[in-house]
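[1] okay, predicted coordinates and the sequence, questions at the end:
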Amino acid sequence: MASTVPKTPTAAPALLHSAHKEETGTRHYSDELVTGHIYAKHRDDDTTKIDLPSYISVIENILTTSHRITDNIHRGTEGRLVYSDDTLGSNVVIDPPLCTLHRINSELSCKAPGITKAHETTLEIFDILTNYPWEAKAALTLLAFTSDYGDLWHLYHYSMTDPLAKSLAIIKRVASLKKHLDSFPYQQVLLNPSSLIRSCLQAIKHMNQIREFSKYDVKELPELPSALRQIPLITYWVIHTIVASKIHLSSYLSETENQPQRYLNDLSDKIANVLNELEKHLNAIREQHAEVDLFRWLVDHIEHYHTDITLVVSKLLSGKTETNPLIDGSTLREVSVQESLSGKNVILVISGLNISNDDIEALHHVYERLKTDHKTYEIVWIPIIPVPYHAEDLKRYEYLRSIMKWHSIPFTTKIAGMRYMEERWQLREDPLVVVLTSQSKVVFTNAIHLIRVWGNEAIDFTHDRSKSLLRRNWPDSTLVKFTHQPRLQNWIKQEKSILFYGGKNPAWIQQFEERVEILKNDPFIIEGSSFEIVRIGKDVKGEDDPTLMSRFWNTQWGYFVVKSQLIGSSASETTEDILRLISYQNEDGWVVLTVGSAPVLVGRGVLILRLLEEFPKWKQSLRLKAFPDAFREYFNELALKSHQCDRVILPGFSGWIPMTINCPECPRFMETGISFKCCHGGIHM
């Protein structure tokens, strides 16, 4: 079946006719052709509603009891049926529109076999049921059919003992129907569990279930609109099948020509496809509905009514109160969530398979510290596996799991609480590290930034601990660790002027170092305004280390995000300095001037070179001012003359990120842009 119903045509297309009815099958009645006929006169109308579940129950009772009678006939035991208490005690009550049912029955009666007549009759029934919802049209048509069919076998059942029933059964020629019970067409139409009539009833049940989901927001159930668009077309084929079945049943009673077998086979295929389509829609809707329910549950029990961590982790992973065992990385044995996490504070590490070795190493240091000094903590890795995954993904998962000493979840592409993690915890491309108490209260929404900047010092990951770390001079946290200068700590203690520098262009680095050498030989510097330079990004051997620089920039970002989250992203000296440095990530060069570890300025490479070249213009100020003050004063003069806008692109960090950022060069908010990216239904890690 088509996924959507075609647009309403201006006029209904003419039906295709064949010279011989055996040559005309359901394939000649395309979905487009059928919907053209439906929408030429009909729209979704619920002016007259019915209690559909009760109607379904009555129809099912009629069919079930009728089939018990025919089953007794097959087994040669045609005595009185013994009814169960449930059947006798059924209190389902309906108020059927009798005149409407009589009109439908009139349309169903005494029609010639073949698809053309069935189609015409179906459209006539649509006219009768114009003011009813689509699925109600199908249910009322099936009720008309079953009331007639049930009446036949009810009369036959009592004809052995009741003269009136016997006479009525003779008039209705039930005996003619009885002799066809064993025929394949009769079984195909009525008696098999997958018979045409049983399939029609199942289709009506499915349509009713889909309609019941209409009370939910379609934004939460994106499959629902597509399913609802299918209902008019499905209603047509259900009614068409009922009509064809009634024509076939009438042929037995009147001993006239039956429906062509090929036509019945086509209808069996068609109604099977209808059911398959409905089941796909329903399964998708139920899955989405379960996701909505789980999302709301997680919001309630993590953010409002804090609940035992073992239950929350289980629901987050599988959507159930119990989930698959975790894998203990230290013993490689499976352990239940209850056994491993009960009473513990839990650190969830949620990441794709591309989690960096740097992050894993940092987490290992945290894990070792926790196991030594904070035994009330456990770490759980939740891998986000791409869909579809490949053999290399499984190998990568196995490798990562093998080097993690903490707990991991087994390999799976389905995390039930993915929506919650994406919407409430802002899971994106970067790893997400969430710290929760034993009662599932979130302590820190994304501690990966704390760990990248401060490592073990961030424990116990509280806001108070983080604010305490932020009170230090930011170069202590973000610059010092990325150099192998052995005398640096002494220079800091002596509160010397230090120029930390780096950049992407080796030519700029060389020019900077040459200019610094010239300055250092100038008498004004030798006489007392000395300073030191420290290169960022060189390894122990003095060679450029791209990995070290990658960690360096991650640390700058981490500091900025944590500070913005806890204190705010509005202009302040620290956030301006960090943001300015971040904006130079792809520049030829940059410099951070400090006195000891106290920051003085952050400068773009081109201005720094100009400042060094123009040293003769400002060196006289060194007679009255300290080197850092004179350096900053002249730098600011140059910056005012050559203002350049900064550009900052936020990486795909998980967790909270600032939505408004002050420009580090002026008091205005930085302009933001919009970027769209589709990961085809899954998160791209």
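    Looks like it came in fine. Residues are numbered from 1 along each chain as shown.

[2] would it be right to say that S314 lies in a strand?
    No: S314 is assigned helix when assessed by DSSP: H, G, I helix; E, B strand; the rest coil, not a strand.

[3] so for the residue lying closest to it once chain neighbours are set aside, what's the pLDDT?
    What sits nearest to S314 in space, not counting adjacent residues and going by CB to CB, 6 or more residues apart in numbering, is T323, at 4.3 Å. Backbone N, C-alpha and C define where each C-beta goes, glycine included. Looking at T323, its pLDDT reads 92.

[4] may I see the buried residues of the helix or strand where A165 lies?
    Taking DSSP states H and E as the definition, A165 sits inside helix 163-171. Neighbour counts using 16 or more other CB atoms under 10 Å place A165, K166, L168, A169 of helix 163-171 among the buried residues.

[5] just to revisit the earlier point, quick one: the residue nearest to S314 is in a helix?
    No: T323 sits outside any helix when classified using three-state DSSP, being coil.

[6] from P475, how far off is it?
    45 Å (CB to CB, to the nearest Å).

[7] got the contact list for I73?
    For I73, the contact set (CB atoms under 8 Å, 6 or more residues apart in numbering) comprises K178, L181.

[8] what are the buried residues along the host helix or strand of it?
    Using DSSP H and E, I73 falls within helix 52-75. Neighbour-count burial for helix 52-75 flags 52, 55-56, 58-59, 62-63, 65-70, 73 (criterion: 16+ other CB under 10 Å).

[9] got it, and stretch 38-49?
    Buried-residue list, stretch 38-49, by 16+ other CB under 10 Å: I38, Y39, H42.

[10] and if you look at stretch 547-564?
    Quick answer for stretch 547-564 (16+ other CB under 10 Å): 548-549, 551-564.

[11] kindly indicate which of the buried residues of helix 52-75 lies nearest R471.
    Closest approach to R471 among these (CB to CB): L52, at 66.2 Å.

[12] quick one: contacts of stretch 348-364?
    313, 379-386, 393, 396-397, 400, 403-406, 421, 425, 427, 429, 431-436, 448, 451-452, 455, 547, 550-551, 554, 654, 683, 685.

[13] and if you look at stretch 210-226?
    3-4, 52, 133, 135, 227-228, 231, 278, 281-282, 284-285, 288-289, 292.

[14] per-domain residue ranges of this structure.
    The chain is divided into the following domains under the TED database: 50-78+94-292, 309-468, 472-670.

[15] any idea how far the shortest one is from the chain center?
    Average the C-alpha atoms of domain 309-468, do the same for its chain, and the two points are 20 Å apart (CA atoms, centre = their mean, to the nearest Å).

[16] end-to-end on it?
    28 Å (CA to CA, to the nearest Å).

[17] about what we covered before: separation between the residue nearest to S314 and Q209?
    According to CB to CB, T323 stands 28 Å off from Q209.

[18] isn't L593 right up against D629?
    No: under the criterion of CB atoms under 8 Å, L593 makes no contact with D629, lying 10.5 Å away.

[19] more neighbours: which of those two?
    L593 (23 against 15; other CB atoms under 10 Å).

[20] check V562 and give its pLDDT.
    Predicted confidence (pLDDT) for V562: 90.

[21] now swap in L15 and tell me
    So, for L15, pLDDT stands at 37.

[22] next one: T70
    79.

[23] any idea how far the residue nearest to it when sequence neighbours are not counted is from R43?
    Nearest residue to T70, sequence neighbours excluded (CB to CB, 6+ apart): L181, at 5.8 Å. Using CB to CB, L181 is found at 42 Å from R43.

[24] returning to that earlier point: ChimeraX command to pick out the buried ones of the contacts of stretch 210-226?
    Buried residues within those, by 16+ other CB under 10 Å, are selected in ChimeraX with:
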select :52,133,135,227,228,231,278,281,282,284,285,288,289,292
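
[25] quick one: which of the contacts of stretch 210-226 sit in helices?
    Using DSSP state H, the members of the contacts of stretch 210-226 that fall in helices are 52, 135, 227-228, 231, 278, 281-282, 284-285, 288-289, 292.

[26] sort out which one of those lies nearest Q259 for me.
    For the ones in helices among the contacts of stretch 210-226, the nearest to Q259 is L278 (24.3 Å; CB to CB).

[27] isn't that closest one up against T235?
    No: using CB under 8 Å, L278 makes no contact with T235, being 11.4 Å away.
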